[in-house]
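Enquirer: this one's sequence-less:
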C-alpha cells in the first residue's frame, strides 16, 4: 500500500504562484508513475499532469501547458506541481496520484491510477 499526502495548497491571487508537494510512504515507491488531478465544484475530476518514474516524460492537460510544471525527487519520494500564472479557473481540490506501472507520454493521462491522496484545496481569487 502507498500513502500519498499533499501539501502546499492555499489562497492566491490571480497571476500568482503555488507549489504543491506530495509525499509518498508505505511500500516501495520504485517504478511508479505519478500525477495530479483536480476537481472544481460542480465539475468532473480532470487530469492535470503526469510524470514517468525517471522524470524524463511528462504530460499536461492543454489548459495548464506553459504554466504548470510537474517534477519529482525519487530520493525523497516526493512529487511536485509548480503552478504559475494562476487563473480563477484553476480553483479546485488537487489530488496526487500514483500508479504501480511506469507510463510515458499520453499514457500518463490514460492510466488508471491505483493510489490517491486526500487532496489539497487551491483557491485563486481575483
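Expert: Perfect, I can see it now. Note that the structure is predicted; figures quoted are calculated from it, not measured.
Enquirer: Tell me the pLDDT of the residue nearest the centre of the chain.
Expert: Most central in the chain under CA atoms, centre = their mean is residue 36, positioned 2.2 Å from the mean C-alpha point. Residue 36 is assigned a pLDDT of 98 by the prediction.
Enquirer: Find the residue closest to it in space, skipping its chain neighbours.
Expert: residue 48 (4.4 Å; CB to CB, 6 or more residues apart in numbering). (Each C-beta comes from the backbone N, C-alpha and C, glycine too.)
Enquirer: And residue 67, by the same measure?
Expert: Nearest one to residue 67, counting by CB to CB, 6+ apart, is residue 85 at 4.7 Å.
Enquirer: Same question for residue 102.
Expert: residue 53 (4.3 Å).
Enquirer: So the one you found sits against residue 35, correct?
Expert: No: with contact defined as CB atoms under 8 Å, residue 53 does not reach residue 35; the gap is 11.9 Å.
Enquirer: quick one on the thing from earlier: look at the residue nearest to residue 67 and tell me its secondary structure.
Expert: coil (DSSP: H, G, I helix; E, B strand; the rest coil).
Enquirer: which stretches of this protein have low pLDDT?
Expert: Counting by pLDDT under 70, the chain has low-confidence residues at 27-29.
Enquirer: residue ranges for the strands of it, please.
Expert: Here the chain has its strands, by DSSP state E, at 2-7, 10-13, 18-26, 33-39, 46-51, 58-60, 68-73, 78-83, 92-99, 115-116, 120-125.
Enquirer: In a markdown table, list these along with distance to residue 109.
Expert: Formatted as a markdown table, the strands of the chain follow (distance: least, CB to CB, whole Å):
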| stretch | distance to residue 109 |
| --- | --- |
| strand 2-7 | 18 |
| strand 10-13 | 26 |
| strand 18-26 | 18 |
| strand 33-39 | 8 |
| strand 46-51 | 5 |
| strand 58-60 | 6 |
| strand 68-73 | 12 |
| strand 78-83 | 15 |
| strand 92-99 | 11 |
| strand 115-116 | 16 |
| strand 120-125 | 20 |
